[in-house]
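[1] here is a sequence together with a model predicted from it:
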Amino acid sequence: MLEPPTDNEQLLPRLAALVRSLFTVIHDVLFQKTILKRRIEELERDFFLYGSLIDAAKKSTSHLDGQSQAHINEVERILVCGIPTSRDNHVSPDYAKEFNWQRYLRDHYNIDTMKVLEIGARDVTQSGRQFEGICPTENYTGFDVESGENVDVVGDAHRLSEFFEAEQFDVVYSAAVLEHIAMPWILAEEISKVLKVGGTVITATHFAFAEHELPWHFFQFNKGGLRSLFCPALGFEEIQCEHYLPMVGRFADGCDSSLRGQTIGHLYCSTHNMCKKTHNAGDLNADRGFNWRGALEGVYAGTRYPRN
């Protein structure tokens, strides 16, 4: 006949169950504490990222009605676009600190006799006349596809040499024009024709900017693009070529999830170029004259496409 279990024999299983239960509770508490700590760290990171944006939004909208559309728009702009900081310089670092073409002209030309042609002379952006105070009015010619203030000659820039004599100008200048030229390589040839040997061509055009003045917006240019247009085979020697006005971009919400939100660096609003005409391109080969296929070798200049 079996004897009934003693109190000690009954107590041991109960203690073991209690210990297991206690360990389970301790494990759950520690696990929950780890999760809570991780979440706090995530919130701290989020605050570090967004706290300054929220502060900036508050300051920028303090004068606006909190329920107004203007307030909503400004807050959204700041949260979407961010706040410009010195960190931006690491995203798009390769840009010009200085591009002083006015000083270059004053240092290298007799301002009283320097003859200037500005392509795109109409003051579309209300930025003022670029050569005011740099050369006499009688030595300045404003050229544009449309008539208007500051325009002396109206015509298509692809046909400059039909309006002006060969080697007539000391300086040919254009700003925010080249992107609107359907065939900019033709314009480069035309500029070479009307520019004196020893003369200077100065161009400023867009590298990264919104489409505008459609349907006459055709190209965007980086430094390589401008160098290929005003190349040695066409008779030009580079003085300075720079990216200007650095920008910071990102892929938008509508992009593939692998790209969405990623930062895009090395963006610049504009590219500036200044070249000296050293010779007439036709002198390179008097029988055939200049051609772009023949200019390719000089544009590549011993470089090669980067290996992946």
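    Looks like it arrived, so ask away. Bear in mind the structure is a predicted one, so any value in this text is a computation, not a measurement.

[2] quick check: closest non-adjacent residue to residue 247.
    Leaving aside its sequence neighbours, residue 247 sits nearest to residue 267 (Cβ to Cβ, 6 or more residues apart in numbering; 4.1 Å). C-beta here means a position set from N, CA and C on the backbone, and glycine is covered the same way.

[3] ok so the one you found is a strand residue?
    Yes: applying DSSP: H, G, I helix; E, B strand; the rest coil, one finds residue 267 inside a strand.

[4] please report how far it lies from residue 279.
    For residue 267, the distance to residue 279 (Cβ to Cβ, to the nearest Å) stands at 36 Å.

[5] how is residue 171 assigned, secondary-structure-wise?
    Put simply, residue 171 is strand when judged by three-state DSSP.

[6] give the contact list for the nearest residue to it once chain neighbours are set aside.
    Excluding the flanking residues, the one nearest residue 171 by Cβ to Cβ, 6+ apart is residue 116, at 4.6 Å. Taking Cβ atoms under 8 Å, 6 or more residues apart in numbering, we find residue 116 in contact with 131, 134-135, 139-141, 169-173.

[7] one more: residue 104?
    Counting by Cβ under 8 Å, 6+ apart, residue 104 touches 200, 239, 274.

[8] beta partners of the first one?
    Yep, that's residue 200 we're talking about. According to DSSP bridges, the partner residues bridging residue 200 are residue 171, residue 276.

[9] tell me how many other residues crowd it.
    24 (other Cβ atoms under 10 Å).

[10] that one against residue 276, yeah?
    Yes: applying Cβ atoms under 8 Å as the test, residue 200 and residue 276 come out as touching, 5.7 Å apart.

[11] residues that sit against both of those two, list them.
    Looking at what touches both residue 200 and residue 276 (by Cβ under 8 Å, 6+ apart), the common residues are residue 239.

[12] can you map out the helices along the stretch 201-308 of the chain?
    Along the stretch 201-308 of the chain, counting by DSSP state H, counting those that start in this stretch, helices occupy 223-229, 292-300.

[13] and the first one, average pLDDT?
    When pLDDT is averaged along helix 223-229, the result is 95.

[14] what residue is smack in the middle of this structure?
    The centre of the chain sits closest to residue 268, judged by Cα atoms, centre = their mean, with a distance of 1.8 Å.

[15] ok, and the closest non-adjacent residue to that residue?
    For residue 268, the closest residue by Cβ to Cβ, 6+ apart turns out to be residue 243, at 3.9 Å.

[16] so who does that neighbour touch?
    Residues near residue 243 by Cβ under 8 Å, 6+ apart: 94-96, 207, 222-223, 268, 270-272.

[17] ok, what's across the strand from the residue nearest to the centre of the chain?
    residue 246.

[18] so it sits against residue 95, correct?
    Yes: between residue 268 and residue 95 there is a contact under Cβ under 8 Å: 5.7 Å.
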